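Enquirer: the following comprises the amino acid sequence and a computationally predicted model.
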Amino acid sequence: MLPNTSKLTLLVFILSSFGLLISPAQGNTSPEQADFAQAMKKVKSGDYGEAKTLFSALLEQYPEMHRVRLELALVCAKLGDIEQAQAHLQQVLDQPDIPVNVQHNIERLLARLERKQERKKVKNRHKMKLMIDAYYGFNSNVRFGADNQLDLVAGEIGESGLFDDFTHITDDIPIDFFDVEPRDIALDPPLIDESGVLDDYYEQYVIIHNPEFTPPVDGSSLDDGTGLNDDGNLNNDGSQTLPDIADDGFIFTENGYFDAEGNFHPFIDGSQLAPSNKKNNAFVESRLQLEHEVRPNLSALRWRNQFSLKRTEQLELNQYDETNYRFSSTLSWDWTPFLRTSIGASYRQIERDVLNLVNYKGVKIEALYLLDWGLIDVGFDHLVKDYHDGLYDQFDARYNAISLGWGKYVIGDTFFISLQGKYAENDNRGKITDYQSQSFGLQGFYQINPKWDIQSALSWIKFDYDYLWQEQYLRLNSRLTYHLDTSLQWILSAELADRNLTDGLADDDRYMAKIGFRWRYD
């Protein structure tokens, strides 16, 4: 896409150097002026095919009209006829006595078109990319709600993609929360697009094992004669596995819990549920991302497979160590230079403290359309989530979401802004945590110079639970990146987050910062 500043400079050049701007003169309009005005109306309405026909007819009659040739070149570029656009621009460039600055602008346009042509030429049906990250950081609250973090992933601008300047989204790891941004300038996928209420029983308390307690070999009874009962099962390490959470929920205390009828059940000897006051912790984070893309027909069809592994190790609160695996496969088709559709499948597994917290299988359908006023992104997600050992209940859930996004470069190639809204419904198969959610996000990326860039994102999400409560999250993320070279980057990122549950039941906040590097090979 040609930058507005360059286009304006060229138009001013045509006006001042050649005096060929076609405009009404003292109320007299010539036929060629009327045809030119009609063609420009077609451009403004987005009917580029008809505009190209009108401009071409004018040039056949008046080949010296360089303004017409310039507009024809721009229309050809919009239609994807890059070679024609280059030819027409070159003819304008070949005019005698062109000022140096104007010559430079035209050469810049030609260079950009040449890069766009190169990106269309697939030199290899297969392409591999490897990225390795390592960070050291501090988290003020490891038990902040659910772990649907929005950590910023380091990236860079200027990669190849379908939409030239709009090199974005599907050209990097797919994401579930923000779907409109430049390629490799993406938010990491939320680990769980869930509320913290599900994890409250787990996160607000730490199960304390009694090291002096030794259960019987068969696990059938305790030394004091207390046998296992409906209140729970005794694990071999002496800890308690609680029963399924009732629809009306449990109320937990230090020594036991109240059931739905208000009856108190003490914990079985050998373990207790004790409040944990410590929540701040330093951590080490590592990531591995591997991508393989194949283009069978070397043009419109792309098949991309991606694998990512993220490991977070808490230096003190080891029960919050977490491992996140993700695999995805996506097929996309470029129907025109302005339209891409895709369908993809993904599988994710999340482990916390060696327990399988949740895994899910998902399908995503997406359509991307490029207009003069920005990139439009429409998506639909369907997930099947299976909750496992990390919670006191084991169940599956169905999650459906629709999203609408917009993104655009607003200052040349240096500043990109994106907006997105999403509506989702989650069915936990009759559990009290069924919900509907609404989320909105605003993200900006600014390239300060070739070495430095900064990205910030503000996100808000609200959960409306069927059990008469609401929960809201507000997050602000920022990331500063220094590019040592094309392969190595130093990254400093930070997050501020606030969580609020109805009537102040679970108000909480968190700040987190980390520093590290990314190495990439492609």
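Expert: Cool, got the structure. Please read these numbers as outputs of a predicted model, since none were measured by experiment.
Enquirer: quick one: the helices in this structure, in order.
Expert: 4-13, 31-45, 48-61, 66-79, 82-93, 100-120, 200-203 (DSSP state H).
Enquirer: tell me which of those is the most buried.
Expert: helix 66-79 (a mean of 23; mean count of other C-beta atoms under 10 Å). C-betas here are computed from N, CA, C, even on glycine.
Enquirer: buried ones in stretch 434-447?
Expert: Neighbour-count burial for stretch 434-447 flags 434-435, 437, 439, 441, 443-445, 447 (criterion: 16 or more other C-beta atoms under 10 Å).
Enquirer: between those residues, which sits nearest D97?
Expert: Q447 (35.4 Å; C-beta to C-beta).
Enquirer: shaky segments in the stretch 351-500 of the chain?
Expert: By pLDDT under 70, the low-scoring segments of the stretch 351-500 of the chain are 353-354, 388-395, 412-413, 429-433, 467-468.
Enquirer: again, only this time at 50
Expert: Residues of the stretch 351-500 of the chain meeting the criterion pLDDT under 50: 390-392.
Enquirer: circling back to that earlier point, got a markdown table for the buried residues of stretch 434-447, with distance to Y409 too?
Expert: Output for the buried residues of stretch 434-447, formatted as a markdown table (distance: C-beta to C-beta, whole Å):
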| residue | distance to Y409 |
| --- | --- |
| D434 | 40 |
| Y435 | 36 |
| S437 | 30 |
| S439 | 24 |
| G441 | 18 |
| Q443 | 13 |
| G444 | 11 |
| F445 | 9 |
| Q447 | 10 |
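Enquirer: where does the stretch 1-150 of the chain have low pLDDT?
Expert: For the stretch 1-150 of the chain (pLDDT under 50), the answer is 1-27, 146-150.
Enquirer: how about V363: which residues does it bridge to?
Expert: Counting by DSSP bridges, V363 is bridged to A345, H382.
Enquirer: scratch that, M128
Expert: Counting by DSSP bridges, the residues bridging with M128 are H292.
Enquirer: okay, now it: neighbour count?
Expert: 11 (other C-beta atoms under 10 Å).
Enquirer: hmm, Q306 and it touching each other?
Expert: No. Judged on C-beta atoms under 8 Å, M128 makes no contact with Q306 at a distance of 11.1 Å.
Enquirer: any residues in contact with both of these two?
Expert: Contact criterion C-beta atoms under 8 Å, 6 or more residues apart in numbering; residues shared by M128 and Q306: 290-292.
Enquirer: most neighbours among these, which one?
Expert: Greatest neighbour count in those, by other C-beta under 10 Å, goes to E291: 19 neighbours.
Enquirer: what about it, distance to H104?
Expert: Going from E291 to H104 by C-beta to C-beta, to the nearest Å gives 37 Å.
Enquirer: please apply the same query to S346.
Expert: 46 Å.
Enquirer: go on, Y48?
Expert: In this view, Y48 and H104 are 27 Å apart by C-beta to C-beta.
Enquirer: same thing with W490?
Expert: The gap separating W490 from H104 is 33 Å, by C-beta to C-beta.
Enquirer: what ranges do the strands span in the stretch 351-500 of the chain?
Expert: Per DSSP state E, counting those that start in this stretch, the stretch 351-500 of the chain carries strands over the ranges 355-371, 374-387, 396-411, 415-427, 435-447, 452-465, 470-483, 488-501.
Enquirer: quick one, the second one and strand 396-411 angle?
Expert: In other words, strand 374-387. Orientation check (axes from the mean of the first three to the mean of the last three C-alpha atoms, to 10 degrees): strand 374-387 against strand 396-411 gives 160 degrees.
Enquirer: cool, and the fourth one?
Expert: Taking the same axes, to 10 degrees, one finds strand 415-427 and strand 396-411 inclined to each other by 170 degrees.
Enquirer: in CSV, could you pull the C-alpha coordinates for strand 415-427?
Expert: Output of strand 415-427 as CSV, limited to C-alpha atoms (Å, rounded to 0.1, in the frame of the first residue of the first chain):
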residue,chain,number,x,y,z
PHE,A,415,2.8,3.3,13.9
PHE,A,416,0.2,0.6,13.9
ILE,A,417,-3.1,0.6,15.9
SER,A,418,-5.7,-2.1,16.3
LEU,A,419,-9.0,-2.6,18.0
GLN,A,420,-11.0,-5.7,18.7
GLY,A,421,-14.2,-6.8,20.4
LYS,A,422,-15.3,-10.3,21.2
TYR,A,423,-18.4,-12.0,22.6
ALA,A,424,-18.2,-15.5,24.0
GLU,A,425,-20.4,-18.1,25.7
ASN,A,426,-19.1,-20.9,27.9
ASP,A,427,-21.1,-24.0,28.8
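Enquirer: OK, contacts around A57?
Expert: Applying C-beta under 8 Å, 6+ apart, the residues near A57 are D35.
Enquirer: tell me the spacing between it and L317.
Expert: A57 is 73 Å from L317, where distance means C-beta to C-beta.
Enquirer: likewise for S487?
Expert: For S487, the distance to L317 equals 34 Å [C-beta to C-beta].
Enquirer: which of these two has more residues huddled nearby?
Expert: L317 (19 against 12).
Enquirer: isn't that one right up against N141?
Expert: No. Taking C-beta under 8 Å as the definition, L317 is not a contact partner of N141, at 10.7 Å.
Enquirer: shared neighbours of these two, anything?
Expert: K279.
Enquirer: my read: Y521 touches L288, true?
Expert: No. Taking contacts as C-beta under 8 Å, Y521 lies outside contact range of L288: 12.0 Å.
Enquirer: now do the shared contacts for these two.
Expert: M131.
Enquirer: who's more crowded, these two?
Expert: L288 (13 against 9).
Enquirer: beta partners for the more buried one?
Expert: Counting by DSSP bridges, L288 forms beta bridges with I132, L309.
Enquirer: contact partners for K129?
Expert: Going by C-beta under 8 Å, 6+ apart, K129 touches 289-293, 520-522.
Enquirer: oh, I was asking about Y511
Expert: 140, 494-497.
Enquirer: next one: G421
Expert: With C-beta under 8 Å, 6+ apart, G421 has these contacts: 403-405, 438-441.
Enquirer: beta partners for it?
Expert: L404, F440.
Enquirer: L72 against L54, yeah?
Expert: No. In this structure, L72 is not within contact of L54 by C-beta under 8 Å, at 9.2 Å.
Enquirer: what's around the residue nearest to N428 when sequence neighbours are not counted, how many residues?
Expert: Distances taken as C-beta to C-beta, 6 or more residues apart in numbering put A397 closest to N428, at 4.4 Å, once the chain neighbours are dropped. The local packing of A397 (other C-beta under 10 Å) involves 20 other residues.
Enquirer: got a winner among the contacts of Y511 for most neighbours?
Expert: The contacts of Y511, ranked by neighbours (other C-beta under 10 Å): first place E495, 23 neighbours.
Enquirer: re the thing from before, in JSON lines, list the shared contacts of M128 and Q306 along with pLDDT.
Expert: Conversion of the shared contacts of M128 and Q306 to JSON lines gives the following (pLDDT from 0 to 100):
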{"residue": "L290", "pLDDT": "92"}
{"residue": "E291", "pLDDT": "90"}
{"residue": "H292", "pLDDT": "91"}
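Enquirer: closest to Q91 among these?
Expert: E291 (41.4 Å).
Enquirer: OK, contacts around the closest one?
Expert: By C-beta under 8 Å, 6+ apart, the neighbours of E291 are 128-130, 173, 304-307.
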